[in-house]
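Student: Build me a structure from this.
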Amino acid sequence: MDEQTLKILLAIFSTSTLIFATWLKIQSDKIRDIKSKLSDKKYQTYHEILAILFDLINQTKNLKSVSEDEVLLRVMNVKRDLILYGNDKMVNKFFEWEDNQLKRAYRLWNWAELAAISRKDMGNRWTRVNADKILRSLFENKLEYEDFKKEFILR
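Tutor: Below you'll find the model as predicted:
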């Protein structure tokens, strides 16, 4: 090979490398943008799940009034978004929560599990806040919670 051919091959290789690196950067940016949008949608969906559940709890404590139609519409919208954006564990736990609507205590436990799963899915991978701690936070004192747990959850 003469020097001229070597320079041409080097220029082609350099150009190809630059094009490939640029393409790789563009693809990486697209993936990062998609992940960011997905994370935002998950956050909005998980936030709405918890907002609905807190509204229901506040209603049982006579702190807020929410119509059944409003709650049903919000639940249907959340379900749509959850099916699109939620991870499998979250979707399955939400369906379990829906199935247990008539069992008040177990429904509360499912709600606490939903909250714990959403915390993990939103980036708190090593969180030590679990369903038990979340549900405990809804009671005035630890003794009241322990009695509730014995009567309704640990049977």
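Student: need the contact list for the residue nearest in space to the middle of the chain.
Tutor: Residue closest to the average C-alpha location in the chain (C-alpha atoms, centre = their mean): residue 118, at 4.0 Å. Under the criterion of C-beta atoms under 8 Å, 6 or more residues apart in numbering, the neighbours of residue 118 are 46, 49-50, 90. C-beta coordinates here come from the backbone N, C-alpha and C atoms, glycine included.
Student: redo that, cut-off 6 Å
Tutor: Under the criterion of C-beta atoms under 6 Å, 6 or more residues apart in numbering, the neighbours of residue 118 are residue 46.
Student: Please report how far it lies from residue 23.
Tutor: As judged by C-beta to C-beta, to the nearest Å, residue 118 and residue 23 stand 36 Å apart.
Student: What of residue 33?
Tutor: From residue 33 across to residue 23, the span is 16 Å (C-beta to C-beta).
Student: Would you mind stating the distance between the residue nearest to the centre of the chain and residue 25?
Tutor: Counting by C-beta to C-beta - residue 118 and residue 25 are separated by 33 Å.
Student: chain center to whatever helix or strand residue 56 lives in: distance?
Tutor: Taking DSSP states H and E as the criterion, residue 56 maps to helix 3-60. Its chain's C-alpha centre and that of helix 3-60 lie 19 Å apart, by C-alpha atoms, centre = their mean, to the nearest Å.
Student: name the helices or strands packed onto it?
Tutor: On a contact count with 3 or more C-beta pairs under 6 Å, 6 or more residues apart in numbering; DSSP states H and E, helix 3-60 meets helix 68-85.
Student: Which is the succeeding secondary structure element to the helix it packs on?
Tutor: Remark: after helix 68-85, the chain's next helix or strand is helix 88-99, criterion DSSP H and E.
Student: tilt between the helix or strand following that next one and helix 3-60?
Tutor: Downstream of helix 88-99, the first helix or strand assigned by DSSP H and E is helix 104-121. Angle, helix 104-121 to helix 3-60, by axes from the mean of the first three to the mean of the last three C-alpha atoms, to 10 degrees: 160 degrees.
Student: Could you tell me how many residues sit around residue 97?
Tutor: Counted with other C-beta atoms under 10 Å, residues neighbouring residue 97 total 21.
Student: With residue 117 instead?
Tutor: 20.
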